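Novice: pasting the structure only:
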């Protein structure tokens, strides 16, 4: 299966916390950082997710926010530090490619106004922010 989702990372489940309806799945990416996904308990069961399982993490570029540094006092669990590799301004939207610590790329699609307000340029240090409810998990 091929998907239009730009951000696709291989990883291994490091923890699963099952709730009555929703669950959290922590995935240690092959590239190093840990990502938390909030998915249904039914999905955890159907996918057979357990500690040690090999998975893929999927994040739509439109679900990635960009900050010019670490952010405290916020509920967003997934905060990935990186360096801007490229900024491509469109008429309304801007694509920002962020190099993570291991060299992998994460793509964010943000408004052009937002990118300009942050003065994003190649080489700038940033933090990519992704709500756990916007992270999907797939099994190979």
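Specialist: Sure, I can see it. Here the structure is a predicted model, which means the values were calculated and not measured.
Novice: okay, CA-based contacts and neighbour counts for the rest of this
Specialist: Fine.
Novice: Quick check: phi and psi at the nearest residue to residue 52 once chain neighbours are set aside.
Specialist: Take residue 52 and drop its neighbours on the chain: the residue closest to it by C-alpha to C-alpha, 6 or more residues apart in numbering is residue 13, 5.2 Å away. Per-residue torsions, residue 13: phi -60, psi 130 (degrees, to the nearest 10).
Novice: For residue 45, see how far away residue 13 is.
Specialist: As judged by C-alpha to C-alpha, to the nearest Å, residue 13 and residue 45 stand 14 Å apart.
Novice: So the two - more neighbours on which side?
Specialist: residue 13 (22 against 11; other C-alpha atoms under 10 Å).
Novice: So the more buried one sits against residue 51, correct?
Specialist: Yes. At 4.9 Å, residue 13 counts as touching residue 51 under the criterion of C-alpha atoms under 8 Å.
Novice: for stretch 120-128, which positions count as buried?
Specialist: Neighbour-count burial for stretch 120-128 flags 120-121, 125-128 (criterion: 16 or more other C-alpha atoms under 10 Å).
Novice: ah, wrong one, I meant stretch 70-89
Specialist: So, applying 16+ other C-alpha under 10 Å, buried residues of stretch 70-89: 78-87, 89.
Novice: Same list (those residues) but as JSON lines, adding pLDDT, distance to residue 37 and secondary structure.
Specialist: Listed next are the buried residues of stretch 70-89 as JSON lines, based on pLDDT from 0 to 100; distance: C-alpha to C-alpha, whole Å; DSSP: H, G, I helix; E, B strand; the rest coil:
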{"residue": "78", "pLDDT": "97", "distance to residue 37": "9", "secondary structure": "strand"}
{"residue": "79", "pLDDT": "95", "distance to residue 37": "13", "secondary structure": "strand"}
{"residue": "80", "pLDDT": "95", "distance to residue 37": "14", "secondary structure": "strand"}
{"residue": "81", "pLDDT": "94", "distance to residue 37": "18", "secondary structure": "strand"}
{"residue": "82", "pLDDT": "95", "distance to residue 37": "20", "secondary structure": "strand"}
{"residue": "83", "pLDDT": "97", "distance to residue 37": "23", "secondary structure": "strand"}
{"residue": "84", "pLDDT": "98", "distance to residue 37": "24", "secondary structure": "strand"}
{"residue": "85", "pLDDT": "98", "distance to residue 37": "26", "secondary structure": "strand"}
{"residue": "86", "pLDDT": "98", "distance to residue 37": "27", "secondary structure": "strand"}
{"residue": "87", "pLDDT": "98", "distance to residue 37": "27", "secondary structure": "strand"}
{"residue": "89", "pLDDT": "97", "distance to residue 37": "29", "secondary structure": "strand"}
